[in-house]
Every structure is written in C-alpha cells, then in structure tokens.
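# Next comes the sequence, and after it the predicted model I'd like to discuss.
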Amino acid sequence: INGRTGVGTAGQGLKVEWDSTNDGELHWKDVSESSLEVVAPVFQGSNYGFSSGGGNEVADTTDRVDRFAFSSSGGATDVGDLSVARQFPSGSSSGTESFASGGNAGGASNVIDKFTFSAGGVATDHGDLATARQMGSGQSSTTHGYNSGGTGLDDEIEKFAFASNTTATDVGNMTAARYALSGQSSSTDGFVSGGYRFGNSSVVDKFSFSSDGDATSHGDLSVARYDPTGQSSTDYGFASGGYSSNVIDRFAFASNTTATDWGNLSVARQGGAGISETNYGFTAGGYAKNEIDRFAYSSNTTATDWGDLTLARYYPAGTQY
C-alpha cells in the first residue's frame, strides 16, 4: 500500500507482516522502518472504556453510557444513553462500535443496542436476541458479538452479526447452564467463567468463534463465585471480584488449567463492567460501587483506583476501543 502519510511515515509504503513475537498477530509495518504498528484486537481497546446501563436495584435501572480514558486517571463522563434503560446487559465490541445485549428492563430483555465509539454513546436498536435474558456474559470475535448463559439457568450461546441488524441465532450450549458469570475473548475463542448454578461455580468454558458448536471445559477458577467481571489480554483471561470477593484470577487461553490468583481489586465488589485495554484490565462499578479499578496484565499486584463512574451501578455492560 503506497503513499501513506503521517507522523513517522513520510509517505512511505506499508506492508502487512505476521509478528512472531506477538503470537502471530497481523500488523502494519512501514517498509523502511523496523517498528510495528500494533492494531488491538476487537476485544481490547487503546483509547477509552465504556460502561453502559446498570442499576442498584431491579426497579432502579439507568440508560446512561459513561466513558473514561485509558491514558489518564480521573472521573468518567456521561456521553449518551442506551435505547432502553436496563441492568444486567452483556457487552461486546466490534472495534468501532459498542453493543449491549439483553438485560433487565422490568423483566428479561432481548434488545441489542449499538452505538459508534467515535460519535459518543447514543445507542440505536440493532436487532434482538433469540431469547430474552439477563445476567449473561458477552464475548467478541472480529465479526460477531455473543451472549452466553443467563437467568432461567440458560446454557445457550447466541451469536449476532456486527454488520447487520438481524435476530441473533443459537449456535451452541455451555457445559452447564448458569447465570451471573463473566465473559472473556481470545482471537479465536470465547470463554465463560464462574457464575451460579445451584451454588457458586468455578467452571471455565471455551467455545470456538470459527465453528458454531457447544462449549468444552477449559479448567476452573481458583475460587468458585458468581458475579465476577471479565477482562482479556492477548494470551490470558481474567475474572475479577464477584460476590464478597476481591480476587483477580488469571487463566491461559492456550491451555486447560486451573486459574491462578493474580492479585486483588482495591475494593471487593460484584457485578461490575469488565473492560480490556491492551496492557491493563479495568473493573468499573459494581453493586453500590462507582470506583474504576485498573490492574496490569503483566504483574501480580493489587489493582489501583483509576477514578469513578458518574453513577454507582450494578451490572453495566463493559466495552472498549
């Protein structure tokens, strides 16, 4: 690709190259330069995190969309609204757009909302889930969003296209029905961890993005719990907090092993929004909480307070770009 202009390029051509040091990720590379311009996968962001919807009681729901910067700590700002006020939605990110699927709007909802990251947070209806549900988990491939599990002890994994406004389809089942769980994404697979099924669950499930089908067991969390929050680095999934917990667990995408304790949140909390940057994970809000915590993927340390949401809230949808 010739004629690209901008800082550090001087109109040089570009080539596409596999970066062997970053697990085969695809990057742009200036022909005459040695540095790679890393393009974050859709399940990570490099600019802002978003927290959409939520509430503190079933009758206390909000449509508010908050945004906070990854580059500097401080408070979030109100940048828009969902089309329907609700708590317990699940978040998915396309890289350019944010999606919130399902939730509770005085009852289980099937609404899928979408807003463009660059234009703020005023959402429009992007179709419906096949089954109304709340307290599920969200995952993101490059082309589709997923909503897995949820209330009523659902085990369905639903998939909807980012590019078209159509009803989601049931593409498989988890190994066990459960709700109040966290979702993680790798470049090839979706993961569901923790939750509640007649008691706290430690199960980590994995399902493939490339072929529709049922999930398989991918190990366990170090502590069984419901209402954890999910984050994703390139190689690892994280489950943060949960009911009466401040534990951050880490598990490898590549191997089926029990998760390890990766530190703690600054405040024990349940039902926050899970947000993933390229180097850090964020947990925003939670039951009666407005704190935004940040923890490093690379080191096992206690998370730090990164600021506050504009409103304390339980179970908002977390997305990023």
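Looks like it came in fine.

# Tell me how far Ser92 lies from Asp305.
27 Å (CB to CB, to the nearest Å). For every residue, glycine as well, the C-beta is placed using N, CA and C.

# quick one, which of the two is more surrounded?
Comparing Ser92 with Asp305 by other CB atoms under 10 Å, the one with more neighbours is Ser92, at 30 against 13.

# On the three-state scheme, the more buried one is what?
strand (DSSP: H, G, I helix; E, B strand; the rest coil).

# how near is it to Leu129?
From Ser92 to Leu129 the distance is 12 Å (CB to CB).

# hey, what's in contact with both of those two?
Counting by CB atoms under 8 Å, 6 or more residues apart in numbering, the shared contacts of Ser92 and Leu129 are Ser101, Asn147.

# give me the number of residues near the closest residue to Ser94 other than its chain neighbours?
Setting aside the residues directly before and after it, Ser94 is nearest to Phe162 in space (CB to CB, 6 or more residues apart in numbering), at 4.1 Å. The number of residues packed near Phe162 is 20, by other CB under 10 Å.

# next one: the one 5 residues further on
The criterion is other CB under 10 Å. On that basis, Thr167 has 12 neighbouring residues.

# again with Asn173
Using other CB under 10 Å, the number of residues around Asn173 comes to 18.

# Nearest residue to it in space, please, no chain neighbours.
In space, Asn173 is closest to Asp155, 4.5 Å off (CB to CB, 6+ apart).

# With Val247 instead?
Among residues not flanking Val247 along the chain, Val223 sits closest, at 5.4 Å (CB to CB, 6+ apart).

# Quick check: that neighbour touching Asp249?
Yes: Val223 is within contact range of Asp249, at 7.0 Å (criterion: CB atoms under 8 Å).

# With neighbour numbers in mind, choose between those two.
Using other CB under 10 Å as the criterion, Val223 and Asp249 rank with Asp249 on top: 29 against 16.

# how close does that one get to Phe160?
28 Å.

# what's the answer for Ile248, then?
To Phe160, Ile248 is 29 Å away according to CB to CB.

# Have a look at those two and say which one is more surrounded.
Comparing Ile248 with Phe160 by other CB under 10 Å, the one with more neighbours is Ile248, at 28 against 24.

# Can you give me every residue that contacts Arg67?
Tyr48, Gly49, Phe50, Ala76, Thr77, Val79, Gly120, Gly121.

# now do 6 Å
The neighbours of Arg67, taking CB atoms under 6 Å, 6 or more residues apart in numbering as the test, are Tyr48, Phe50, Thr77, Val79.

# Check what pLDDT the residue nearest to Ser94 gets.
Phe162 is assigned a predicted lDDT (pLDDT) of 98.

# got it, and Val39?
So, for Val39, pLDDT stands at 62.

# Ok, the one 5 residues further on next?
The predicted structure scores Gln44 at 96 on the pLDDT scale.

# Neighbours of it, how many?
25.

# what does Ser93 give?
Considering only other CB under 10 Å, Ser93 is surrounded by 28 other residues.

# That one: what's it in contact with?
Shown in contact with Ser93 (CB under 6 Å, 6+ apart): Val42, Ser140, Thr319, Gln320.
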